[in-house]
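Chemist: generate a structure from the sequence data that follows.
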Amino acid sequence: MPLPIGDTVGILADNLRIRKSVLPVPDKSASAWARGLGLTRGGETILYTGRMYQLIPYIEALNKVQEKIEDSWIADFVKVGRVINRFINVAGLLAVPSRNMQESCGRILVNIARLLRRAGVEFGYLYEEDLYSGALVYDLGVDDVLEAHARRVMDVFKKYRVKKVITVDPHTTHMLRSVYPNLIKGYDLQVKSYLEVLVERDLKPRKELRLEAVVHDSCLYARQENVLQEQRTLLDKAGIDLREPVDSGKFTFCCGGPAESLFPRKAKENAKKRVDQIKKVSFRAVTMCPICLVNLQKAAGGEIQVEDISSYLVQAYCGG
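Modeler: Predicted coordinates:
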């Protein structure tokens with residue numbers, strides 16, 4: 001029996017409404033990456049993670065459970081799990097994250113902070129008040145829960161008098177730049193991806209990397225937010241010989257991630273198709289979305305090397 005769509009979506013929406021995230025990430029864990037960096041709390045300009053990279057280890061852990069449940073008789077009990085989850089954080093109990101993956105995702109955020117500092121950008125961070133944007137619930141169409149959560153996020157921004165937001169991933173960028181303005185009256189935040197900020201600052205590399213790689217564009221950056229040239233400009237200046245897969249730019253091929261919470265097997269099939277396209281061009285792929293990163297890494301199974309763009313940029317622009 002496939003996963004029951006209504007109850008699976010319901011659990012995620014209940015979590016956002018009750019616990020401020022589709023899969024609750026402890027505040028201490030979510031902000032652990034910033035420990036020791038000396039980032040100011042709040043400020044006119046902030047680095048807003050939307051907890052996307054921090055969520056990935058939890059999503060991966062839950063996905064392993066879902067793969068075991070999908071098409072089994074246990075799937076019929078998801079509706080019971082939803083009722084219990086309203087009182088006890090069942091999703092949190094099932095989604096036990098890998099420490100290695102948590103550290104890896106944390107390093108990506110540190111890389112991004114280092115790059116912005118190298119570019120001379122002054123920014124703060126909201127620490128435990130850096131809330132999830134609600135991206136997955138938006139994708140799943142639970143509009144009433146999303147709208148209430150968007151107001152909660154905006155209240156935090158107002159509390160710290162935030163005017164400019166630097167985002168780290170395409171999903172959070174899309175939410176704050178294109179979705180929230182339709183939900184929040186008088187919305188006036190300036191929102192930019194850190195890739196756009198780095199290009200605007202004309203950051204110069206300290207080291208030439210001299211390697212080749214395929215760019216895997218995020219669907220949201222490519223088709224919704226027009227973030228297509230920034231990643232190529234930064235990688236080209238870093239000395240990377242860029243290659244393009246058969247579906248690239250605005251016609252990029254989905255990594256399968258958006259289907260993962262409801263159809264894990266279908267998501268894996270899609271990711272495998274994308275890996276097959278990439279490996280025809282190069283054994284090295286660059287992503288700029290945490291969901292693309294983890295889905296392609298899983299599908300690749302070591303056949304190709306898949307890394308977040310920040311890993312290469314920090315080597316070239318910060319010297320390692």
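
Chemist: so residue 227 sits in a strand?
Modeler: No - read with DSSP: H, G, I helix; E, B strand; the rest coil, residue 227 is coil and lies in no strand.

Chemist: excluding its backbone neighbours, what's nearest it?
Modeler: Nearest residue to residue 227 in three dimensions, chain neighbours excluded: residue 221, at 3.9 Å (Cβ to Cβ, 6 or more residues apart in numbering). The way it works is simple: take the backbone N, C-alpha and C, and place the C-beta from them, glycine included.

Chemist: so how far is residue 249 from the residue of the chain positioned farthest from its centre?
Modeler: Ranking residues of the chain by C-alpha distance from their mean position (Cα atoms, centre = their mean) puts residue 73 at the top, at 32.0 Å. To residue 249, residue 73 is 44 Å away according to Cβ to Cβ, to the nearest Å.

Chemist: repeat for residue 152
Modeler: Taking Cβ to Cβ as the criterion, residue 152 is separated from residue 249 by 35 Å.

Chemist: so where is the protein shaky, pLDDT-wise?
Modeler: Counting by pLDDT under 70, the chain contains low-confidence ranges at 1-3, 70-71.

Chemist: all strands of it, in order?
Modeler: With strands called from DSSP state E, the chain shows them at 40-41, 45-48, 124-125, 164-167, 190-193, 211-215, 240-243, 284-287, 305-308.

Chemist: check what contacts stretch 38-46 and list those residues.
Modeler: 47, 113, 121-127, 159-166 (Cβ atoms under 8 Å, 6 or more residues apart in numbering).

Chemist: let's see 10 Å
Modeler: For stretch 38-46, contacts defined as Cβ atoms under 10 Å, 6 or more residues apart in numbering pick out 31, 47, 113, 116-117, 121-130, 156-157, 159-167, 189-190, 192, 197.

Chemist: now stretch 83-101
Modeler: 7, 10-12, 14-15, 17-19, 21-26, 29, 54-66, 69, 77-78, 80-82, 104-105, 294, 297.
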